[in-house]
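J.: would you be able to build a 3D model of this:
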Amino acid sequence: MNNDFTFSIKSICFDENYHPSDSTRITTNFANLARGESRRENLRNALKMIDNSFNALAHWDNPNGDRYSVKLEIISVEMDVANSRQAFPSIEILKTVIVDHKTGKQTEGIVGNNFSSYVRDYDFSVLLLNHNEGKPKFTIPENFGDLHGKLFKYFVNSDTYQQHFNKPPVICLSVSDNKTYHKTENQHPVLGVEYLPNESSLTEQYFKKMGLQVRYFMPPNSVAPLSFYFFGDLLSDYSNLELISTISTMETFQKIYRPEIYNANATAGKRYQPSLKNLDHSLTQIVYDREERSRLAIEQGRFAEEHFIKPYQNVLEQWSANYDLKSA
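T.: As a prediction, the model looks like this:
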């Protein structure tokens, strides 16, 4: 079993000169920005938004609001299945690095943040759609997300992950626009006010199979909660600056991609129902095509089916069954 999968990690700096590699999912937040005539301006503006957000949250000993900046590295994880020597682009995540211009130090932030996966595209944009095609009632396929969840846990527990990263990943996503969130009395100095959802979502269930818990917080200066998926204890395992690096990075992306929620002109109240039809919002000066992103997710799901799911079906099924036995 140990020889079934071999992981390799590549890293590239995300800055205004960034160009997506051929293996990058084009729907990925950072890749989508780096396209078209406005690519350099898009990237420069997004990075400036991240730095401004970071300094606004890390305001202590920072009188001019310019002490920190955030460097971002795109981490691409490739997987070799059964010694095939055919590297499949399995996962792409972001790593933050905190630059303190007062001390001159650079500190590793959080890895994860954005989460991209070809297999997840296959599950949601191919398998789930095919399963429900022509059916009057929406249902979930049996064992939906099992393989993806096991592969992710296997990677996080691998020697490759441990050699490259100091802490487990934290993934930060948008809240669901078909759920209602209720404000609690719990408040964290950086993460902000905690919200609780009225019910579990398919995304929550999918990420739970990856071994991740979820909590919802609305940081100071924000207008809507963010979803934080994590191992362990989110509030105790990471420093304030580490958490701020994730908040500033991912909220910036959400303001660009979901302005109806994260760049709304009204702040979430005690009972909050996110809506992508909210007209009372502001747009950033960053070009983004949401419809194209949805279409490409289907194309990428089919790519995963053709180059990973079907060619290695027997290997994957056997490995998945052995993983259950080993974990039991």
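J.: and the pLDDT for the residue lying closest to residue 312 once chain neighbours are set aside?
T.: Closest residue to residue 312 apart from its sequence neighbours, by C-beta to C-beta, 6 or more residues apart in numbering: residue 81 at 4.9 Å. Placement of C-beta: from N, CA and C, glycine included. Note on residue 81: pLDDT of 87.
J.: residue 81 - how many residues pack around it?
T.: 19 (other C-beta atoms under 10 Å).
J.: wait, it sits on residue 5?
T.: Yes. If you go by C-beta atoms under 8 Å, residue 81 and residue 5 touch, sitting 6.2 Å apart.
J.: related to what we said a few turns ago, tell me who's in contact with the residue nearest to residue 312.
T.: Contacts for residue 81 (C-beta atoms under 8 Å, 6 or more residues apart in numbering) come out as 4-5, 88, 308, 312, 315-316.
J.: ok, now with 10 Å
T.: 4-6, 87-88, 90, 308, 311-312, 315-316, 319 (C-beta atoms under 10 Å, 6 or more residues apart in numbering).
J.: follow-up on the earlier one: what touches both of residue 81 and residue 5?
T.: Common neighbours of residue 81 and residue 5 (C-beta under 10 Å, 6+ apart) are 88, 90, 315-316, 319.
J.: does residue 126 count as helix, strand or coil?
T.: With DSSP: H, G, I helix; E, B strand; the rest coil as the basis, residue 126 sits in helix.
J.: next secondary structure after the helix or strand of the chain with the lowest mean pLDDT?
T.: Least confident helix or strand, the chain: helix 29-33 with a mean of 60, by mean pLDDT, DSSP states H and E. Once the chain leaves helix 29-33, the next helix or strand it forms, by DSSP states H and E, is helix 39-57.
J.: can you map out the helices along this protein?
T.: 29-33, 39-57, 118-122, 128-132, 146-156, 159-164, 202-208, 234-237, 240-257, 259-262, 290-304, 313-327 (DSSP state H).
J.: adding mean neighbour count and distance to residue 73, write those out as TSV.
T.: As requested, the helices of the chain are arranged in TSV below (neighbours: other C-beta atoms under 10 Å; distance: least, C-beta to C-beta, whole Å):
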stretch	mean neighbour count	distance to residue 73
helix 29-33	23	11
helix 39-57	19	13
helix 118-122	24	20
helix 128-132	14	31
helix 146-156	20	17
helix 159-164	12	10
helix 202-208	17	23
helix 234-237	14	21
helix 240-257	24	11
helix 259-262	21	23
helix 290-304	16	22
helix 313-327	13	29
